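J.: Dropping a prediction and its sequence here:
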Protein chains: 2
Amino acid sequence: MTASEPGTVRPGGRTARVRDAVREATLAELSGRGYQGLTVEGVAARSGVHKTTVYRRWGSADGLIADALGIAAAEPWPIPDTGTLAGDLRALARLVVAGFADPVEGPIARAFVLAAAQSGDAARSLHAFFARRHEQSAVIVGRAVERGEVPADTDAAEAVRLAVAPLYYRLFITGEPVDEQAADRAAASAEAAARAGVLSAAPDS
Amino acid sequence: MTASEPGTVRPGGRTARVRDAVREATLAELSGRGYQGLTVEGVAARSGVHKTTVYRRWGSADGLIADALGIAAAEPWPIPDTGTLAGDLRALARLVVAGFADPVEGPIARAFVLAAAQSGDAARSLHAFFARRHEQSAVIVGRAVERGEVPADTDAAEAVRLAVAPLYYRLFITGEPVDEQAADRAAASAEAAARAGVLSAAPDS
């Protein structure tokens, strides 16, 4: 708040504004042009930050993507609380489908995955993003354990992986369509596996 | 056989040899250099086929990849027959893990997925490849239905997707390790879902 008052522009405030402008421009460029269309020049032009500043601080398009993933990871994920594990996993899976179907978010998410396949920095950021998502959604399984829906040693991250993996498989590997039906089926499968007790947390996982 | 007899070099024979040499060179280059290192020049040099011939027939590196995927799709997949659905799905999932761990096959498989993300031709070939794999492995579920292990209307392709999707999710999205434990768990989850009856073939799928 202080930083935005007239006459109180601190170095940290300015740096933060530059960073935010560049991150926002990166997301907008990714949404509009995809991974292959992202350039330092394009982000500099859109953000109004000088090109040499962008190069100095972010290094390259991959550096911009790695940093932008930081915003995505920090954004709170709306963890569902529907009262059943089946309902919660279904809501999570539908969030993934809706995200990829979104005309703004979808291209950004695709660009992140493509960038990770080609850049070590982007890969590390993407992996940290998913680790955080799995961690955040563990609460869903914790509540299911408390309700006695699934065994107490159920691996929460694994239940979440199963509820979304078939959607990513269709989107990035087989090119098959994803819709609410695919989401509901993936979620129901994950729930069935958890109930059947095949997702026990292994000592080494 | 006839084409290989001395003095019987037919046009089809020569064309086929050029095609085979180029396909083999494409796979070798992909294995050694990955998607980003694949060039028409490199394939021409390795195959001994003239560069202009490669350009004329395959057009680009993406054309080479799309064609090479044709070989992969035509190769028979060793469909397991262990006597149980759990055993068969486990064997399938372990095949995927072994393939990606293989020092020759692994980089090729990664290159195919990366190419598909960036080229329409490669994407169509990859999607056809997976459709064929899903189709081939439907027999596993057919046998399980006959044994009374799972409901008669179980969607065979969906059971196969579930047995391998968590592995592709780890490999290409979250960057988490894949090993036999991950394979066995994915397979057990798919089997549990099939047994629970949540993989009924929907009328529109």
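T.: Now that the structure is in, tell me what you want to look at.

J.: Once you drop chain neighbours, what's closest to A:Gly63?
T.: Among residues not flanking A:Gly63 along the chain, A:Asp121 sits closest, at 6.1 Å (C-beta to C-beta, 6 or more residues apart in numbering or on different chains). Just so you know, the C-beta spots here come from the backbone N, C-alpha and C atoms, and that holds for glycine as well.

J.: The one you found is in what secondary structure piece?
T.: Assigned by DSSP states H and E, A:Asp121 belongs to helix A:120-136.

J.: and that helix, what does it pack onto?
T.: helix A:61-74, helix A:105-118, helix A:156-169 (3 or more C-beta pairs under 8 Å, 6 or more residues apart in numbering or on different chains; DSSP states H and E).

J.: Kindly format the C-alpha coordinates of the last one as PDB.
T.: Below are the C-alpha coordinates for helix A:156-169, written out as PDB (Å, rounded to 0.1, in the frame of the first residue of the first chain):
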ATOM      1  CA  ALA A 156      -3.300 -38.500  -1.200                       C
ATOM      2  CA  ALA A 157      -1.100 -37.300  -4.000                       C
ATOM      3  CA  GLU A 158      -1.700 -40.500  -5.800                       C
ATOM      4  CA  ALA A 159      -5.500 -40.200  -5.600                       C
ATOM      5  CA  VAL A 160      -5.200 -36.700  -7.100                       C
ATOM      6  CA  ARG A 161      -2.800 -37.900  -9.800                       C
ATOM      7  CA  LEU A 162      -5.200 -40.600 -10.900                       C
ATOM      8  CA  ALA A 163      -8.100 -38.100 -11.000                       C
ATOM      9  CA  VAL A 164      -6.300 -35.900 -13.500                       C
ATOM     10  CA  ALA A 165      -3.800 -38.100 -15.300                       C
ATOM     11  CA  PRO A 166      -6.200 -39.500 -17.900                       C
ATOM     12  CA  LEU A 167      -7.100 -35.900 -18.900                       C
ATOM     13  CA  TYR A 168      -3.500 -34.900 -19.400                       C
ATOM     14  CA  TYR A 169      -2.900 -38.200 -21.300                       C
END
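
J.: Figure out how far the following helix or strand past it is from the centre of its chain.
T.: Once helix A:156-169 ends, the next helix or strand along the chain (criterion: DSSP H and E) is helix A:180-196. How far helix A:180-196 lies from its chain's middle: 21 Å, per C-alpha atoms, centre = their mean, to the nearest Å.

J.: Now do helix A:180-196, average pLDDT.
T.: Mean pLDDT, helix A:180-196: 97.

J.: near chain B, anything from that helix?
T.: Yes: on the criterion C-beta under 8 Å from any C-beta of the partner chain, helix A:180-196 is in touch with chain B at A:Gln181, A:Arg185, A:Ala188, A:Ser189, A:Ala190, A:Ala192, A:Ala193, A:Arg195, A:Ala196.

J.: thinking again about what came up before, tell me the angle of the helix holding A:Asp121 relative to helix A:105-118?
T.: Relative orientation of helix A:120-136 and helix A:105-118, computed by axes from the mean of the first three to the mean of the last three C-alpha atoms, to 10 degrees: 120 degrees.

J.: so where does A:Pro103 fall, helix or strand?
T.: Assessed by DSSP H and E, A:Pro103 sits outside every helix and strand.
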